[in-house]
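[1] Structure of the sequence below:
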Amino acid sequence: MPRPATSVTLRQDLGAVAFEYALEASRRGFIGLLLLPIFETMLQSSHYPVIPIEALLKLMSTRRAARSAYGRSDYEFEDGDFSCKEYGWEELVDDGEAALYRNFFDAEEVATMRAVDTLLRNQEKRIADKVTSTTTFGTHNVSTKWNVKATCTPRADVRDAKQSLFNATGLDANAFFCSKTTFENILLSAEFQDATKYVSQALLEVFEVQRRLVAQYLGIEQVLIGNAVYDGAKNGQSLSATSIWPDARGAVCRIATQPNNLKEPCIGRTFLWTGDTPENLVTESYREEQTRSEVIRVRQNTDECFVFTGALYLMSNLA
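    Residues are numbered from 1 along each chain as shown. Got it, this is the predicted structure:
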């Protein structure tokens, strides 16, 4: 017996809920898309330019002789490959439950936020695993762990990391990222307390003020603090809240500042196949009669890729 066709509806009303919830993600400690910003593409897979180090540091002769041509660049960008993959999650809104609780909350909105959170948390984990990989970036241990509050030297460690990145690539780092726990270790360190004692009572300030103070103290444009967690326990076991961003690692890096310029030297991008999902989160729904439910589906079609691995200097042994 043939199955009836399922009509899927693009839900712009719930898409607005998803958009607002995603906007709040960075305030909740989701920093992955700040490190690897979205780059929209009509292609599901293709090549993209990867910057060779020679293109950044080569000193070329610019002297022009009379009646001769000007010197020209002769290097070529190397090729990287992206291949966007579809990710998605569905939540069921049972008719009976929706009616029972409608005086307390909108069941479809709650289902949308749950689905969005599931997708963003998985995307955050994919990015965190990439940018904190000691296989890709090696291990650069600081001399004193930052949870040794009396003697650690975060400012000197970050300064050395920035200098190492500049010496290798000629790029100035414009961001530093770490976990929330490591950020709090910076706030509690004797070095930070001494540097800010005449400026502000940093431990009493709101979070955004603390973040700006730490950025000034470290001498970097912005500080990104990863605070997303996931349940690391196996199915059936008690909750084990695990930080997506490792406390022992952080990095200085150059992140993209030009949304549509793939040739900008930066650590990487999140390629979004707009031919299938015009936004990072697309919200749809369809009817499922066998469960008397409305199914809310949120999906994306992306690939998180490096553009220039030299634009990140990974720091280890922070905790």
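[2] All the helices of the stretch 151-300 of the chain, residue numbers only.
    154-169, 180-188, 190-196, 207-218 (DSSP state H, counting those that start in this stretch).
[3] nearest to residue 312, of the ones you listed?
    Closest to residue 312 of the helices of the stretch 151-300 of the chain is helix 154-169 (C-beta to C-beta; 7.7 Å). Quick note: C-beta positions are derived from backbone N, CA and C, even for glycine.
[4] Could you list every helix and strand in contact with the closest one?
    Applying 3 or more C-beta pairs under 8 Å, 6 or more residues apart in numbering; DSSP states H and E, one finds that helix 154-169 contacts helix 53-57, helix 190-196, helix 207-218, strand 250-253, strand 312-315.
[5] Could I get the buried residue list for the second one?
    If I follow you right, that is helix 190-196. By neighbour count on 16 or more other C-beta atoms under 10 Å, the buried set for helix 190-196 is 191-192, 195-196.
[6] Make JSON lines out of the helices and strands packed on helix 154-169 and add distance to residue 236.
    What follows is these, written out as JSON lines (distance: least, C-beta to C-beta, whole Å):
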{"stretch": "helix 53-57", "distance to residue 236": "49"}
{"stretch": "helix 190-196", "distance to residue 236": "43"}
{"stretch": "helix 207-218", "distance to residue 236": "36"}
{"stretch": "strand 250-253", "distance to residue 236": "34"}
{"stretch": "strand 312-315", "distance to residue 236": "35"}
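[7] So which of those is the most surrounded?
    Each of the helices and strands packed on helix 154-169 was scored by mean neighbour count; the highest is strand 250-253, a mean of 28, by mean count of other C-beta atoms under 10 Å.
[8] Just give me the neighbour total for the nearest residue in space to residue 181 that is not next to it in sequence.
    Distances taken as C-beta to C-beta, 6 or more residues apart in numbering put residue 247 closest to residue 181, at 4.7 Å, once the chain neighbours are dropped. For residue 247, the number of neighbouring residues by other C-beta atoms under 10 Å comes to 20.
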